[in-house]
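1. Structural data only, the sequence is not supplied:
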């Protein structure tokens, strides 16, 4: 799932550090990286987009064989549930430079075997969720974008009787302090940000 890299409409929490255009450039780099990583999978890949589907980065994804779908209206949980469309899926966003194709392949293999899993984000959310079957309860009553997403999701999964494995947490890139961490890790140069 990805938002179009349009200045003022993406990565808004990074605006104080990067400005509107810098935040959009970062989003573009994150999208390109996700498209590259997902393009290595031997699976059907869909990119559920927020914003114009004819943005050049989305058209480039389509040329790589990725199916484009417009995101539905509603909160993130509603959009993820609708993206699942009753099938086994692995859902990711664009905010985790540390998430690589190898982890995506492992997650896909687990879901195909009937396992449910998530990779938590170190800030209290998650960067990946894989579900072997639809589970609407898991996407309801969640304060999306808050530090309580993972805790609330665990509660909803327990209520719905859905066992979900948690893999090792990974950092995502949402706040100005995250930029420094990713820069020190060596992951940001690959995203085309030579300097801040």
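-> Alright, I've got the coordinates. Computed from a predicted model, the values in this text were never measured in an experiment.
2. C-alpha only now, for contacts and for neighbours.
-> Noted.
3. where does the protein have low pLDDT?
-> Along the chain, the model assigns pLDDT under 70 to residues 189-196.
4. Near residue 44, how many other residues are there?
-> 11 (other C-alpha atoms under 10 Å).
5. So residue 181, which state does it fall into?
-> helix (DSSP: H, G, I helix; E, B strand; the rest coil).
6. Look up how far residue 82 lies from residue 75.
-> 11 Å (C-alpha to C-alpha, to the nearest Å).
7. of the two, who's got more company?
-> More crowded of residue 75 and residue 82, by other C-alpha under 10 Å: residue 82, with 16 against 13.
8. what's next to stretch 75-84, contact-wise?
-> The contact list for stretch 75-84 (C-alpha atoms under 8 Å, 6 or more residues apart in numbering) reads 48, 71-73, 91, 134-136, 139-140, 142, 144.
9. List only those of those flagged as buried.
-> 48, 71-72, 91, 135-136, 139-140, 142, 144 (16 or more other C-alpha atoms under 10 Å).
10. Which two among those are spaced furthest apart?
-> Maximum pairwise distance among the buried ones among the contacts of stretch 75-84 (C-alpha to C-alpha): 20.3 Å, between 48 and 142.
11. just to revisit the earlier point, in strands, which of the buried ones among the contacts of stretch 75-84 fall?
-> With strands taken from DSSP state E, the overlap with those comprises 48, 91.
12. Name the nearest of the buried ones among the contacts of stretch 75-84 relative to residue 114.
-> Closest to residue 114, out of all of these and judged by C-alpha to C-alpha, is residue 135, at 13.1 Å.
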